[in-house]
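>>> fold the following, please.
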Amino acid sequence: MINCLKKAGFIVLLAFLSAGSSFAQQIEEVKQVSTGPLTGTESQPPVEMATGLYQSGKIYVVVIVLAVIMAGIFAYLTMLDRKVSRLEKESK
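As a prediction, this is how the structure comes out:
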C-alpha cells in the first residue's frame, strides 16, 4: 500500500511539473500577443478569458485554489492509506 502511495505522489508531482511548464508557456504566448502581432508560428491566439485572467492577476487565485484542492486530496489519500494499513495489521 505504501508503494502505491509513493507512485501516486510521483504522478501528482509530475502533473504539477507539467502544469507549471504549460503555465510558463501560456505566459510567453500572452507576452507575444501583447507586444506585437502574431508571427505565423502560433496556430491561434490565446483564449481571451485566459488573457484577461493573466492581466488582472486572477489566474494566480485559480492556481492557488487548484493547488489547495490537490493538497487536500493528497492529504485525504494519505490518511486513508494509514487507516487501511492499520486495519491490515490488526487483521493479521
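>>> going forward, measure contacts and count neighbours with C-alpha atoms only.
Fine.
>>> quick one: the helices in the chain?
2-35, 48-56, 59-91 (DSSP state H).
>>> of those, which shows the lowest average pLDDT?
With a mean of 64, helix 2-35 has the lowest mean pLDDT of those.
>>> number of nearby residues for Lys92?
5 (other CA atoms under 10 Å).
>>> for the remainder of this discussion, apply numbering that starts at 453.
Got it, first residue is 453 now, which makes that one Lys544.
>>> can you count the residues close to Gly461?
Count around Gly461 with other CA under 10 Å applied: 14.
>>> same check, this time on Val464
15.
>>> same thing with the one 4 residues further on?
Counted with other CA under 10 Å, the neighbours of Phe468 add up to 14.
>>> and the gap between it and Tyr506?
Remark: distance between Phe468 and Tyr506 (CA to CA, to the nearest Å) = 19 Å.
>>> check Leu466 too.
The gap separating Leu466 from Tyr506 is 24 Å, by CA to CA.
>>> between the two, which has more neighbouring residues?
Tyr506 (15 against 12).
>>> so how far is Val517 from the more buried one?
On the measure of CA to CA, Tyr506 and Val517 end up 15 Å apart.
>>> swap in Leu466?
Counting by CA to CA - Leu466 and Val517 are separated by 19 Å.
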